[in-house]
Every structure is written in structure tokens, then in C-alpha cells.
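Asks: turn this into a structure:
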Amino acid sequence: MTTLTHTRVAFLATDGYEDSELTSPWDAVTSEGAEAVLVSPSAGTITGKKGHEQQVDMTSSAAEAGEFDALVLPGGVVNADHLRMDEAAVAFTRAFFAQHKPVAVICHGAWILTDAEVVSGRWLTSYPSLRTDLHNAGATWVDEEVVVDQGLVSSRTPADLPAFNAKLIEELREGTHAGQTA
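Replies: Next up is the predicted model:
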């Protein structure tokens, strides 16, 4: 099995993220040799809802999807709601789909996908309260531990992190997907 030594993964988050939904995938990709980079609307440090602090590496206004191989969108209601209001974060997210790159989203992180207009015709899961929003945006929502649709990995809650991380690593190894489109 190949390592991910030359792989850069962007994690897009802000204050209020679900701590484990940032730290667990971060540990999963870095343990495989990938470089993890925290992208956020503001510079400095962000704080998860349970107190984990993480230094921001790059602002969403300065980040370009072309510099990365994949995107991870952790959940957390406050995090997800604030990210979808940041135009640069929405454009950054949409660019990964336009470039056919893997995107992994968990819990409330899927909210930004509706604003990026990238879920129409796609299968995914999320925290159950997003079901209607995702359906209204054209997605087929299912209640499963992890769903993979042409490079888009989605899961529901922290309880799904082992399956989510495994599929994230699998999609990173596969690389771009022609069906992953904006």
C-alpha cells in the first residue's frame, strides 16, 4: 500500500467545529504521510466546541484548491453555519468539485455543500437534521454510516469516524474522480 507522502489535504473549519471530526481525520491522513493544512476564514487559532484549539495555516480568502489534493469538512453546527456564510470558503469548496478532487464531509459539515451548489444528483449522508436541506438542494440523503459517491465521502456523526477515516484514506489513494463535479 502506498503512503500519501506527497498529498496535501485541506481541512476547512472555524470556531465551533466538532473536535473529534477535525482531529480524528487529521490524525488519519497525517499517519499515512499526508500533509494536513487548516484553512479558516480568519487567521490565528480556532477553538472546537469541546475546547480543542488548532492553529490556522491559511485563510479561506488566500487558499486555492489547486494547491491541495483533497478537502475535509468537519461538522459542528456553529462551524458549519459560519463557514457557509463565508463566500471564500464556499468558492474554495466548490473548486474541489470542479477539479474532481476528493471531498470528505461529516455531520453538519455538509451545509456548505448546499451553498456551493454541488449536491444535486449526489448520494450522501449527514447529521439527520440536514436531510431536508440536502434533499431540497437535489441530493439523495440516506441514513448510513458512510456513503461514497464519486469521490464525495460523507458520514453522520463522530460514531462513524472509523468508517469515515478509512474511506477518506481510500479516496485519497484513488485521487481524482471524473464524476466528482461542480
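
Asks: show me what contacts residue 131?
Replies: Residue 131 makes contact with residue 141, according to CB atoms under 8 Å, 6 or more residues apart in numbering. Yep, even glycine has a C-beta here, placed from its N, CA and C like the rest.

Asks: what helix or strand is it on?
Replies: Residue 131 is part of helix 131-136, with elements assigned from DSSP states H and E.

Asks: what do you get for residue 43?
Replies: Using DSSP H and E, no helix or strand contains residue 43.

Asks: how many residues are close by it?
Replies: Other residues within reach of residue 43 by the criterion other CB atoms under 10 Å amount to 12.

Asks: do the one 10 residues further on as well
Replies: By other CB under 10 Å, the residues close to residue 53 number 11.

Asks: need the pLDDT of it.
Replies: The per-residue pLDDT reported for residue 53 equals 98.

Asks: which stretches of the chain form strands?
Replies: Taking DSSP state E, the strands of the chain run over residues 8-12, 35-40, 45-47, 53-55, 58-59, 70-73, 103-106, 123-124, 140-141, 146-149, 152-155.

Asks: reformat the ones you listed as JSON lines; add distance to residue 163.
Replies: Compiled in JSON lines, the strands of the chain are given as follows (distance: least, CB to CB, whole Å):
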{"stretch": "strand 8-12", "distance to residue 163": "18"}
{"stretch": "strand 35-40", "distance to residue 163": "20"}
{"stretch": "strand 45-47", "distance to residue 163": "26"}
{"stretch": "strand 53-55", "distance to residue 163": "23"}
{"stretch": "strand 58-59", "distance to residue 163": "29"}
{"stretch": "strand 70-73", "distance to residue 163": "15"}
{"stretch": "strand 103-106", "distance to residue 163": "10"}
{"stretch": "strand 123-124", "distance to residue 163": "14"}
{"stretch": "strand 140-141", "distance to residue 163": "17"}
{"stretch": "strand 146-149", "distance to residue 163": "4"}
{"stretch": "strand 152-155", "distance to residue 163": "7"}
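
Asks: how close does residue 85 get to residue 160?
Replies: 26 Å (CB to CB, to the nearest Å).

Asks: which of those two has more neighbours?
Replies: residue 160 (19 against 12).

Asks: so what's the more buried one closest to, chain neighbours aside?
Replies: Counting by CB to CB, 6 or more residues apart in numbering, the nearest residue to residue 160 once its immediate chain neighbours are dropped is residue 145, at 4.8 Å.
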